[in-house]
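A.B. asks: curious how this folds, go ahead:
(one chain, ligands or ions: 2)
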Amino acid sequence: MTAAPIESVAAREILDNRLEPTLRVTVETPVGTGRADVPRGRSRGAHEAHDRRDGDDRYRGQGVKEAVAAVEEDVEPALVGHDATDQRGVDAALLDLDGTRKKERLGGNVVTGVSLAALRAGAAATGLPLYRYVGGADAGVLPLPFFDLIEGGELAGGDLPFQEHQVVPVGADSVAEAVRWTAEVYYELGDILRDEYGEASLNVGDEGGYNPLGVDDPREAFDLELRAVEACGYGGEFALAADVAASHFHDAETGTYALLGESMTRDELLGFYEDLVADYPIVSLEDPLDQHDFAGVADLTDRLDIQIVGDDLFTTNPERLQEGIDHGAANALLWKVNQIGTVTEATEAARLATRNGYAVQVSERSGQTPDTWLADLAVGLGAGQIKTGVTRGERTEQYNRLLEIEAELGDAATFGPPGDALR
Ligand SMILES: O=C(O)[C@@H](CO)OP(=O)(O)O
Ligand SMILES: [Mg+2]
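C.D. replies: Ligands and ions are numbered 1, 2, ... in the order given. Coordinates of the predicted model:
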């Protein structure tokens, strides 16, 4: 018996936080409807699924009219009659239809939108909240958020080479506490920036973190964050972390990194990280080296006793992750559904990570809508960590959804990664 036979699959063009078009996909069954918006990265990894965009000049060639048509003309006929509660079956049909490694035929955005909308339709058909549909009866781990209070790199206009300078409320006991403490630190940091760096430093980047003018050294950004933490009386309750996104200042020809006005070799950069981790309470570094350098990341993972996260390095791709595991590169997976395509492939990557002792950090994209499937999936996976920006509605809605889930679970909720990890 088919529990929730798919009757229709439709898509429309909507806009994300950058006023760039993206897809909203709807999957209908007689017993429940699912809808999902597709996020979009800007600082994308070389191995990510293909983001299908129109070749014409709508939105400077960034339109999704063809992607909408692909949902309705190619995907819908192939999925009608499939059981929406059979996520593996739905995703296998999508992969069959596409037939390419990077989802070049349908488009990764098409595949992700349909896969997530089917997941939502399956949850609706069973009457379960999405996090419980994904995580089962014992889903109850709320993620510790990494807040990108100061932005740089590709996602902001200033001079900071690192993309995200995060504060991590490791001393908090719940999402509610983590969010409240961080809000106070955010206001305080705003006061410091206004007084010392000028009003314009209150401008924010794509994820709603500050974009201070004239700050070009990550250490200065971390100093500012620590000052705000101390001024709020939370010294010791917060750790620091970064998404370095090092591929963006790596020169593939010379193999060097353009950092702090210097051209650093890999060894010099590794030394820089060793000093940084010795001088600051840093618990996690994402993409510290070029996205192709498994051996270098393995060396760093060995040398530093902290979390090393692979984002562009792994692109949520089980094959890439396996290569990393074989090298001993990193010890955590950044988890983004649309890097790989389907929910099934992404959960397979998360499972592979967990089985090999790698942590999983669920992540937003810099292009988002207020759709909150991300928050539900973070709880459903029991990942224990999330990064989903700071201010702006498409970010705060994720926190609001996590607060809602936390309240719904009450005493049954636990918080953060297992054991003493990161604390
Ligand atoms: O590099 C990253 O981790 C992200 C999200 O924070 O950026 P984007 O979505 O642009 O890839
Ligand atoms: Mg990243």
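A.B. asks: from here on, contacts and neighbour counts on C-alpha atoms
C.D. replies: Noted.
A.B. asks: point out where the stretch 1-150 of the chain drops to low pLDDT.
C.D. replies: Applying pLDDT under 70 to the stretch 1-150 of the chain picks out residues 1-2.
A.B. asks: quick one: the helices in this protein?
C.D. replies: Here the chain has its helices, by DSSP state H, at 65-70, 76-79, 87-98, 108-126, 130-135, 175-197, 218-231, 266-279, 294-303, 318-327, 337-340, 343-355, 373-381, 393-409.
A.B. asks: with distance to Ala49 and mean neighbour count added, can I get the ones you listed in TSV?
C.D. replies: Listed next are the helices of the chain as TSV, based on distance: least, C-alpha to C-alpha, whole Å; neighbours: other C-alpha atoms under 10 Å:
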stretch	distance to Ala49	mean neighbour count
helix 65-70	14	20
helix 76-79	21	18
helix 87-98	12	18
helix 108-126	5	28
helix 130-135	23	21
helix 175-197	32	18
helix 218-231	30	19
helix 266-279	28	15
helix 294-303	20	19
helix 318-327	13	17
helix 337-340	5	29
helix 343-355	12	19
helix 373-381	18	23
helix 393-409	23	19
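A.B. asks: turn the ones you listed into a markdown table, including distance to ligand 1.
C.D. replies: Putting the helices of the chain into a markdown table (distance: least, C-alpha to the nearest ligand atom, whole Å) gives the following:
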| stretch | distance to ligand 1 |
| --- | --- |
| helix 65-70 | 20 |
| helix 76-79 | 28 |
| helix 87-98 | 23 |
| helix 108-126 | 13 |
| helix 130-135 | 22 |
| helix 175-197 | 18 |
| helix 218-231 | 16 |
| helix 266-279 | 19 |
| helix 294-303 | 17 |
| helix 318-327 | 16 |
| helix 337-340 | 9 |
| helix 343-355 | 16 |
| helix 373-381 | 13 |
| helix 393-409 | 11 |
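A.B. asks: right, and those helices - which one's nearest Tyr59?
C.D. replies: helix 65-70 (10.7 Å; C-alpha to C-alpha).
A.B. asks: for the closest one, packing partners?
C.D. replies: Packed against helix 65-70 by the contact rule (3 or more C-alpha pairs under 8 Å, 6 or more residues apart in numbering; DSSP states H and E) you find strand 8-15, helix 108-126.
A.B. asks: count of neighbours near Leu285?
C.D. replies: As a burial measure, Leu285 scores 26 neighbours (other C-alpha atoms under 10 Å).
A.B. asks: OK, contacts around it?
C.D. replies: Leu285 makes contact with 241-244, 306-309, according to C-alpha atoms under 8 Å, 6 or more residues apart in numbering.
A.B. asks: tell me which residue of the stretch 251-400 of the chain lies closest to ligand 1.
C.D. replies: Arg365 (3.2 Å; C-alpha to the nearest ligand atom).
A.B. asks: and for that residue, nearest residue in space, chain neighbours not counted?
C.D. replies: Nearest residue to Arg365 in three dimensions, chain neighbours excluded: Gly41, at 4.9 Å (C-alpha to C-alpha, 6 or more residues apart in numbering).
A.B. asks: can you pull the contacts of the most centrally placed residue in the chain?
C.D. replies: The chain has Ser363 as the residue nearest its centroid, 1.7 Å off, counting by C-alpha atoms, centre = their mean. In this structure, Ser363 makes contact with 334-336, 374, 386-388, judged by C-alpha under 8 Å, 6+ apart.
A.B. asks: do the same with Thr414
C.D. replies: 140-142, 174.
A.B. asks: quick one: which of these is nearest ligand 1?
C.D. replies: Among the contacts of Thr414, and counting by C-alpha to the nearest ligand atom, the member closest to ligand 1 is Leu142, at 19.2 Å.
A.B. asks: what's around the residue nearest to the closest one when sequence neighbours are not counted, how many residues?
C.D. replies: Distances taken as C-alpha to C-alpha, 6+ apart place Phe415 nearest to Leu142, at 4.7 Å, with adjacent residues excluded. Look at Phe415: counted by other C-alpha under 10 Å, it has 19 neighbours.
A.B. asks: was I right about Phe415 contacting Val141?
C.D. replies: Yes. Counting by C-alpha atoms under 8 Å, Val141 is a contact partner of Phe415 at 5.5 Å.
A.B. asks: which residues are in contact with each of the two?
C.D. replies: In contact with both Phe415 and Val141: Gly384, using C-alpha under 8 Å, 6+ apart.
A.B. asks: picking that back up, report the two of the contacts of Ser363 separated the most.
C.D. replies: Leu334 and Leu374 (13.0 Å).
A.B. asks: need the overlap of contacts for the two.
C.D. replies: 362-363.
A.B. asks: mind putting the helices of the chain into CSV with distance to Pro169?
C.D. replies: Putting the helices of the chain into CSV (distance: least, C-alpha to C-alpha, whole Å) gives the following:
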stretch, distance to Pro169
helix 65-70, 40
helix 76-79, 43
helix 87-98, 35
helix 108-126, 30
helix 130-135, 23
helix 175-197, 6
helix 218-231, 10
helix 266-279, 17
helix 294-303, 23
helix 318-327, 28
helix 337-340, 25
helix 343-355, 23
helix 373-381, 17
helix 393-409, 14
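A.B. asks: got a list of what the residue lying closest to Gly389 once chain neighbours are set aside touches?
C.D. replies: Among residues not flanking Gly389 along the chain, Glu207 sits closest, at 4.7 Å (C-alpha to C-alpha, 6+ apart). If a contact means C-alpha under 8 Å, 6+ apart, then Glu207 has 148, 151, 155, 366, 388-392, 395 as its contacts.
A.B. asks: return the item of these having minimum pLDDT.
C.D. replies: pLDDT across the contacts of Glu207 is lowest for Leu155, at 83.
A.B. asks: hmm, Val204 and that residue touching each other?
C.D. replies: No. Counting by C-alpha under 8 Å, Leu155 does not reach Val204; the two are 9.6 Å apart.
A.B. asks: out of the contacts of Glu207, grab the one that's most surrounded.
C.D. replies: Tallying neighbours with other C-alpha under 10 Å puts Glu151 at the head of those, with 32 neighbours.
A.B. asks: how far away is that one from ligand 1?
C.D. replies: 10 Å (C-alpha to the nearest ligand atom, to the nearest Å).
A.B. asks: give the bridge partners for that residue, please.
C.D. replies: Per DSSP bridges, residues listed as beta-bridge partners of Glu151: Glu164.
A.B. asks: got phi/psi on the residue of the stretch 251-400 of the chain closest to ligand 1?
C.D. replies: phi -110, psi 160 (degrees, to the nearest 10).
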